[in-house]
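# sharing a model that was predicted from the sequence below.
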Amino acid sequence: MAKKFPWEERPEGCVDPVWRYCANPIIGRYQTAVSNSIFNSAVVPFGEGYAGVFRCDNKAVQMNIYVGFSDDAINWRISDTPIKFEPGNTEMIDSEYKYDPRVTWIEDRYWITWCNGYNGPTIGIGYTFDFKTFYQCENAFLPFNRNGVLFPERINGRYAMMSRPSDNGHTPFGDIFLSYSPDMKYWGEHRCLMKVAPFTESAWQCTKIGAGSVPVLTDEGWLIFYHGVINTCRGYRYSMGAAILDRNNPEKVLYRTQPYLLAPAEPYELTGDVPGVVFPCASLVDGDKVAIYYGAADTVVALAFTRLSVLLPYIKANSLPC
């Protein structure tokens with residue numbers, strides 16, 4: 001029996017390249033016994049169903065990551081206790097907090113990245129083979145950094161990861177950088193991949209940008225979803241865009257959306273702990289179909305859909321100069 005893929009066709013009359021699931025949000029803020037909110041989480045195919053690593057802030061508003069499982073990638077069973085890591089390539093696994101995870105399969109295991117609290121936010125790395133036992137590795141970078149997203153395969157023999165260097169607060173700036181590693185422990189060759197857009201050209205992404213879900217390899221190159229931010233009179237507003245990177249040299253941005261693909265508009269995106277946030281963290285692909293998971297208002301998890309045959313031509317036709 002084929003694995004059930006989460007999917008809903010584009011509504012009749014909708015001309016947008018990305019559309020929301022009609023039953024959003026798929027994960028509520030109180031879905032576990034301890035949670036104040038569940039959002040900005042990552043899912044992958046696993047076994048006969050799906051597994052995920054979820055950001056759950058508890059009722060003391062302590063940030064941590066939890067494992068979850070699903071048969072259909074929509075209805076989730078999430079643990080009430082945080083993931084406990086064992087030492088991986090290091091004995092230093094201290095962590096003041098963990099949030100905004102991403103997950104991808106590379107070669108022989110599932111790699112997890114997250115924003116790790118170690119004298120400020122940095123990029124934590126870990127792995128699991130079975131989503132039962134988890135191993136934590138050395139932090140990838142010095143503080144301060146967020147939005148660490150691994151490519152799902154080596155690039156020219158090296159692991160590759162996008163990130164957004166930041167400060168120790170609610171960063172009022174940010175560009176996406178690309179870094180490489182021979183062994184998932186030592187990272188270098190840091191390159192600026194994509195900068196914020198000029199306000200006059202694409203204001204929704206003029207303040208800061210950050211990598212979203214794990215890149216998807218397509219016939220056009222690497223497809224990435226990312227979040228862009230504008231600082232409005234009511235505070236930061238997070239929306240979602242997409243870009244296509246060169247397959248063999250992902251430092252080269254081929255196309256990048258000038259209009260956003262999804263912006264806060266629905267009640268669950270506009271009302272919550274942090275109103276006005278659409279924050280992509282994961283995507284699943286089945287042939288032409290793409291399911292995109294995003295945090296809404298830093299409170300719940302929602303789902304959106306697109307088709308590669310719809311999205312890729314749209315990105316190319318509506319691209320900023322690269």
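Structure received. Computed from a prediction, not measured in an experiment: that's the story for all the values here.
# quick one, helices of the stretch 101-250 of the chain?
Using DSSP state H, counting those that start in this stretch, no helices are found in the stretch 101-250 of the chain.
# is it true that Y255 touches D246?
No. Using C-beta atoms under 8 Å, Y255 is not in contact with D246, being 10.4 Å away. Placement of C-beta: from N, CA and C, glycine included.
# okay, these two: which has more neighbours?
Neighbours per residue, other C-beta atoms under 10 Å: of Y255 and D246, the larger number sits with Y255, 21 against 13.
# contacts only, for the more buried one.
The contact partners of Y255, by C-beta atoms under 8 Å, 6 or more residues apart in numbering, come to E220, A243, I244, I315, K316, S319, C322.
# switch the cut-off to 6 Å
Taking C-beta atoms under 6 Å, 6 or more residues apart in numbering, we find Y255 in contact with I244, I315, K316, S319.
# redo those residues as TSV? Include neighbour count.
Below are the contacts of Y255 laid out as TSV (neighbours: other C-beta atoms under 10 Å):
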residue	neighbour count
I244	25
I315	21
K316	13
S319	17
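# can I get stretch 126-141 in PDB, CA atoms only?
Extracted C-alpha coordinates of stretch 126-141, given in PDB (Å, rounded to 0.1, in the frame of the first residue of the first chain):
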ATOM      1  CA  GLY A 126      22.100  16.200  15.600                       C
ATOM      2  CA  TYR A 127      21.100  13.000  14.000                       C
ATOM      3  CA  THR A 128      18.900   9.900  14.500                       C
ATOM      4  CA  PHE A 129      18.500   6.600  12.700                       C
ATOM      5  CA  ASP A 130      15.100   5.700  14.100                       C
ATOM      6  CA  PHE A 131      13.600   8.800  15.800                       C
ATOM      7  CA  LYS A 132      14.000   6.900  19.100                       C
ATOM      8  CA  THR A 133      17.700   7.600  20.000                       C
ATOM      9  CA  PHE A 134      19.100  11.100  19.100                       C
ATOM     10  CA  TYR A 135      22.700  12.200  19.000                       C
ATOM     11  CA  GLN A 136      23.900  15.800  19.300                       C
ATOM     12  CA  CYS A 137      26.900  17.100  17.500                       C
ATOM     13  CA  GLU A 138      29.100  20.200  17.800                       C
ATOM     14  CA  ASN A 139      27.400  23.500  17.100                       C
ATOM     15  CA  ALA A 140      28.000  24.500  13.500                       C
ATOM     16  CA  PHE A 141      28.800  28.200  14.100                       C
END
